[in-house]
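Enquirer: Model the following, please.
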Amino acid sequence: MQSVMMETTKLREPVAEFLRELSSTARRVVVVHDCLMTAVIQDVASIPNAESYIFHCVSAFTNFTNAWDAAGRPVLEDAEIPDGTPPIFTSFSLEFLNFIGYQIGCQKINCGTLYNTSRAIEGAHLDLVAKLENIQGIRYWAIGPVNPITISHNQNSKSRHKCLEWLDKQAPKSVLLVSFGTLTSLTDEQIGELAIGLEQSEQKFIWVLRDADKGDIFSGEVGIIQLPQGYEERIEAAGVGVVVRDWAPQVEILGHPSTGGFMSHCGWNSCLESITMGVPIAAWPMHSGQPRNTILITQVLKVGLAVKEEESQDVVASSTIEKVVRRLMASEEGDETRKRAAELGGILKRSLDEGGVSRMELDSFIAHISR
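Expert: Okay, the predicted model is just below:
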């Protein structure tokens, strides 16, 4: 994996050449980049009229606790860090941490930092990041969420995904979306347990189970994910579920009136999409920043329930999955969590309106770089 990541550093020379070419005709060149691409854009430091800004695609809570961990977990006034926040080395491999260290070593000039979050929900953690890093002259802008916040439900559209047509026939807030993103794969054993748990929960669901994610990118072969014999036919005949084996319009599904829950790996983009649409999360983290996002979702923002009983659990039993699905979709606890998610969704949407806190932060950033 590290060798693959290090291949990205070969982009440094062509990117530097492109930036120098731009700088010869532009008053100012502004580069917004992911923190994992710092080595690629490091030559910005040698271009007089160029500036670089890091864009963090993780939550402010996750970024703060990562920095707090790296600093030796110091005692910070006003910092409420939930019990169970996992150490950073349990979420990232040593090779990935080494790669991060290499990127930090290439960070010659950073003129500011952008976050895909909103001060409306993470203002305290953004302040803690600034306090912990204590870097003079570095500004922070929280311009998120950057995902769509309004969805058009045109039932007459010919390009509409078939699962949306199925959703149209379901009761409001009755369907659970199950999807673990494009960078996460479950074992065959875990897929079997999940299939049983979903069926036994007796709750309606859309399960995005992409065969392509099991493929070998080098051979071009795509593995077919095997479910229990007759499973798909049985749940579809009973009208309780749909298995989608290709791309699915996640934001549209989350924004549909019939969707009432989201079982997710808790990647931050998925978390924001779910909260923005007012949908609570059954949090099932796999790696990277996902365990910390789960702490944020379940213990800080309180818009979700944890799936795993123990973080070290290798395979989550079908009985556990069944219990969590019922708690989220068919209990007073789930209703309260759904109410809280709807409230936070409204707050996030208003933060992007004219005069909203995220809109003002974006306007501030644009004014800064166009000064």
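Enquirer: residue ranges for the helices of the protein, please.
Expert: 2-7, 12-23, 60-70, 94-105, 119-133, 162-168, 188-201, 231-238, 250-254, 268-276, 290-295, 318-329, 332-351, 357-369 (DSSP state H).
Enquirer: contact partners of the last one?
Expert: Put plainly, it is helix 357-369. 28, 30, 51, 53, 112, 114, 118-120, 123, 139, 141-145, 348, 351-353 (CB atoms under 8 Å, 6 or more residues apart in numbering). Just so you know, the C-beta spots here come from the backbone N, C-alpha and C atoms, and that holds for glycine as well.
Enquirer: How is this structure divided into domains?
Expert: 2-144+352-369, 162-349 (automatic domain parsing).
Enquirer: where does the stretch 1-150 of the chain have low pLDDT?
Expert: 1-4, 89, 134-137 (pLDDT under 70).
Enquirer: Nearest to residue 150, out of the domains of the chain?
Expert: domain 162-349 (7.8 Å; CB to CB).
Enquirer: tell me how far the ends of that closest one are from each other?
Expert: Distance between the boundary residues of domain 162-349 (CA to CA, to the nearest Å) amounts to 28 Å.
Enquirer: how far does it sit from the chain's center?
Expert: 13 Å (CA atoms, centre = their mean, to the nearest Å).
Enquirer: Likewise for stretch 44-58?
Expert: That offset, for stretch 44-58, works out to 23 Å (CA atoms, centre = their mean).
Enquirer: Can you give me the buried ones in that stretch?
Expert: 44, 47, 50-58 (16 or more other CB atoms under 10 Å).
Enquirer: Kindly present those residues as TSV, with separate columns for distance to residue 160.
Expert: Putting the buried residues of stretch 44-58 into TSV (distance: CB to CB, whole Å) gives the following:
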residue	distance to residue 160
44	43
47	46
50	44
51	42
52	41
53	37
54	38
55	32
56	34
57	29
58	32
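Enquirer: Those: which two are farthest apart?
Expert: Counting by CB to CB, the most remote pair of the buried residues of stretch 44-58 is 47 and 58, 27.9 Å apart.
Enquirer: Can you give me the neighbour number for residue 122?
Expert: Neighbour count for residue 122, taken as other CB atoms under 10 Å: 24.
Enquirer: Verify the stated contact: it with residue 142.
Expert: Yes. The pair residue 122 and residue 142 qualifies as a contact (CB atoms under 8 Å) at a distance of 7.0 Å.
Enquirer: any shared contact partners between those two?
Expert: 60, 115.
Enquirer: Quickly compare the domains of the chain and say which is most buried.
Expert: domain 162-349 (a mean of 19; mean count of other CB atoms under 10 Å).
Enquirer: separation between the closest residue to residue 74 other than its chain neighbours and residue 224?
Expert: Spatially, and ignoring its direct neighbours in sequence, residue 74 is nearest to residue 68 (7.1 Å; CB to CB, 6 or more residues apart in numbering). From residue 68 across to residue 224, the span is 43 Å (CB to CB, to the nearest Å).
Enquirer: Roughly how far does residue 358 sit from residue 178?
Expert: Per CB to CB, residue 358 is found 29 Å from residue 178.
Enquirer: same thing with residue 121?
Expert: Taken as CB to CB, the span from residue 121 to residue 178 is 25 Å.
Enquirer: ok, now residue 303?
Expert: 17 Å.
Enquirer: Equivalent analysis for residue 323, please.
Expert: Residue 323 sits 15 Å away from residue 178, going by CB to CB.
Enquirer: what is the closest residue to residue 166 other than its chain neighbours paired to in the beta sheet?
Expert: Distances taken as CB to CB, 6+ apart put residue 242 closest to residue 166, at 5.3 Å, once the chain neighbours are dropped. Here residue 242 shows beta-bridge partners residue 206, assigned using DSSP bridges.
Enquirer: Hmm, residue 242 is touching residue 207, no?
Expert: Yes. If you go by CB under 8 Å, residue 242 and residue 207 touch, sitting 7.3 Å apart.
Enquirer: ok, now which ones touch the residue nearest the centre of the chain?
Expert: Geometric centre of the chain, nearest residue: residue 268, 1.9 Å, by CA atoms, centre = their mean. Contacts for residue 268 (CB under 8 Å, 6+ apart) come out as 57-59, 62, 116, 289, 293.
Enquirer: Closest one of the residues you listed to residue 18?
Expert: Of the contacts of residue 268, the one sitting nearest to residue 18 (CB to CB) turns out to be residue 57, at 22.6 Å.
Enquirer: quick one, phi psi at the spatially closest residue to the closest one that is not a sequence neighbour?
Expert: Excluding its sequence neighbours, the residue lying closest to residue 57 (CB to CB, 6+ apart) is residue 116, at 5.4 Å. The phi and psi values for residue 116, taken as degrees, to the nearest 10, are phi -90, psi 70.
Enquirer: How much space separates residue 116 from residue 20?
Expert: Distance of residue 116 to residue 20, given as CB to CB: 29 Å.
Enquirer: and if you look at residue 172?
Expert: Remark: distance between residue 172 and residue 20 (CB to CB) = 56 Å.
Enquirer: Tell me, what's the model's pLDDT at residue 214?
Expert: Per-residue confidence (pLDDT) for residue 214: 55.
Enquirer: Equivalent analysis for residue 226, please.
Expert: 82.
Enquirer: Look up the closest residue to it, ignoring the ones flanking it.
Expert: Residue 226 sits nearest to residue 188 (CB to CB, 6+ apart), 6.8 Å away.
Enquirer: Quick check: residue 189 touching residue 318?
Expert: No. Using CB under 8 Å, residue 189 makes no contact with residue 318, being 10.7 Å away.
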